[in-house]
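# Here is my input; please provide its structure:
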Amino acid sequence: MNEKQTSTPEDHRERETPVQSSPPTLTKVEEKIRRNKIRTLNDLLRTTFVGGQVVMTSGIAAMSAIQQYEVTKQVQTFSNFTPDNDPHGEHDYGSFGFEGRRIAWKIDYYDKAIHYGSEDPADSDVTTRVLTIMLTSEY
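Numbers count the residues shown, from 1 in each chain. Got it, this is the predicted structure:
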């Protein structure tokens with residue numbers, strides 16, 4: 001008597017090697033190009049308020065219009081980037097003193113719907129940048 005052998009899904013599961021996709025590894029040159037794109041897009045938003053959204057926390061919003069103007073001017077002209085406050089060279093954070101208070105600004109990267117983080121902050125087609133200006137005590 002000749003029996004046919006059948007196999008079950010469990011039999012194959014043990015033998016199959018799952019295919020795993022891993023993110024591509026960037027060369028140092030590619031990473032530098034990517035970082036430069038991010039920095040350029042961040043600088044455009046910070047210096048012109050174009051290329052994303054700008055929000056102020058309640059502490060900044062409570063300031064007078066003149067104070068808000070002065071704070072935004074300092075954000076737009078900020079250039080004190082150092083390895084301590086800009087370790088990745090993306091110009092995505094800064095802080096400064098203003099009338100006895102510490103002000104900070106930061107740029108976050110979201111998907112276009114602003115529901116999740118961006119999959120690629122270097123690609124403005126899939127990224128919405130949000131610049132937040134705040135008192136450091138609100139961070």
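# Was I right to think residue 70 contacts residue 98?
Yes. Judged on Cβ atoms under 8 Å, residue 70 makes contact with residue 98 at a distance of 7.0 Å. Placement of C-beta: from N, CA and C, glycine included.
# Which strand runs longest in the protein?
Longest strand of the chain, by residue count under DSSP state E: strand 101-110.
# on contacts alone, who are the packing partners of that strand?
Judged by 3 or more Cβ pairs under 8 Å, 6 or more residues apart in numbering; DSSP states H and E, the packing partners of strand 101-110 are helix 28-48, helix 65-77, strand 93-98, strand 128-135.
# which residues touch the spatially most central residue of the chain?
Compute the mean C-alpha point of the chain, and by Cα atoms, centre = their mean the closest residue is residue 109, 3.3 Å away. Residue 109 sits next to 117, 118, 121, 127, 128, 129 when contact means Cβ atoms under 8 Å, 6 or more residues apart in numbering.
# Spatially, which two of the residues you listed are the most separated?
Maximum pairwise distance in the contacts of residue 109, criterion Cβ to Cβ, is 11.8 Å, between 117 and 129.
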